[in-house]
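Peer 1: I would like the atomic coordinates for the input below:
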Amino acid sequence: MPKSEQIHIQKHISLGELNKKIKYETDGFILKRLYFVKYRYEGESVAVASQRVGITRSVGYIWQERWNTNGYDGLAPRYWGGRPSKLSDHQKDELKDLLRQKDNWTTKEVRDLILRNFDVEYTLKQVRIILHKFGMRCAKPYPYDYRRPPDAEEILKKNCHIWTKMS
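Peer 2: The predicted structure is shown next:
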């Protein structure tokens, strides 16, 4: 005979209300947790309910504890988006002003600018991420030949026209 669950699930809402929440939930993370709670409501053990939604038993106990403590609100994921930035908001505003002084920057130049002005070292990848958050876009530089005449397109058209007449 299987041993009974040590921690019982608290029924904050009825099974019908739980099914409604499942039906209208758009966040995939919370939906998975709601299905876990539903399986627990239906009498499944933590181990079986965890296996059905594809998590470990220990995570199942964590989700159940959050449900028992805070109900539906306890199912929201608890992550805040990583490590805080090395630059303060004021420094970022300063950096934007510095970047507006010149039109074209290389990522390496921006990294050196940050190191020189703010004494903060970033990788080139992180500099690209910062520039992207500023709304700036990276592009390959367009080579410009100083020997090119100002009317190069006209000369090309004229030469192509002459060439087609000769053929």
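Peer 1: shaky segments in the chain?
Peer 2: 1-6, 80, 162-167 (pLDDT under 70).
Peer 1: Quick check: Leu95 touching Ile114?
Peer 2: Yes - taking CB atoms under 8 Å as the definition, Leu95 is a contact partner of Ile114 at 6.6 Å. Backbone N, C-alpha and C define where each C-beta goes, glycine included.
Peer 1: Report the separation between Ile114 and His132.
Peer 2: 15 Å (CB to CB, to the nearest Å).
Peer 1: The two: which is more packed in?
Peer 2: Taking neighbours as other CB atoms under 10 Å, Ile114 and His132 compare with Ile114 leading, 21 against 11.
Peer 1: Following element in sequence after the helix or strand containing the more buried one, please.
Peer 2: Under the criterion of DSSP states H and E, Ile114 resides in helix 107-118. Per DSSP H and E, the first helix or strand lying C-terminal to helix 107-118 is helix 124-133.
Peer 1: and that following helix, what does it pack onto?
Peer 2: Counting contacts by 3 or more CB pairs under 8 Å, 6 or more residues apart in numbering; DSSP states H and E, helix 124-133 is packed against helix 107-118.
Peer 1: Report the buried residues of the helix it packs on.
Peer 2: 107, 110-111, 113-114, 118 (16 or more other CB atoms under 10 Å).
Peer 1: ok, now stretch 68-78?
Peer 2: 68, 72, 74-75.
Peer 1: now the end-to-end length of it.
Peer 2: End-to-end distance for stretch 68-78, by CA to CA, to the nearest Å: 16 Å.
Peer 1: so how far is it from its chain's centroid?
Peer 2: With CA atoms, centre = their mean, to the nearest Å as the basis, stretch 68-78 stands 23 Å off its chain's centre.
Peer 1: Can you tell me what sits against that stretch?
Peer 2: Applying CB atoms under 8 Å, 6 or more residues apart in numbering, the external contacts of stretch 68-78 come out as 7, 9-10, 12-13, 21, 29-30, 33-34, 37, 63, 66-67.
Peer 1: Perfect, I'm done here.
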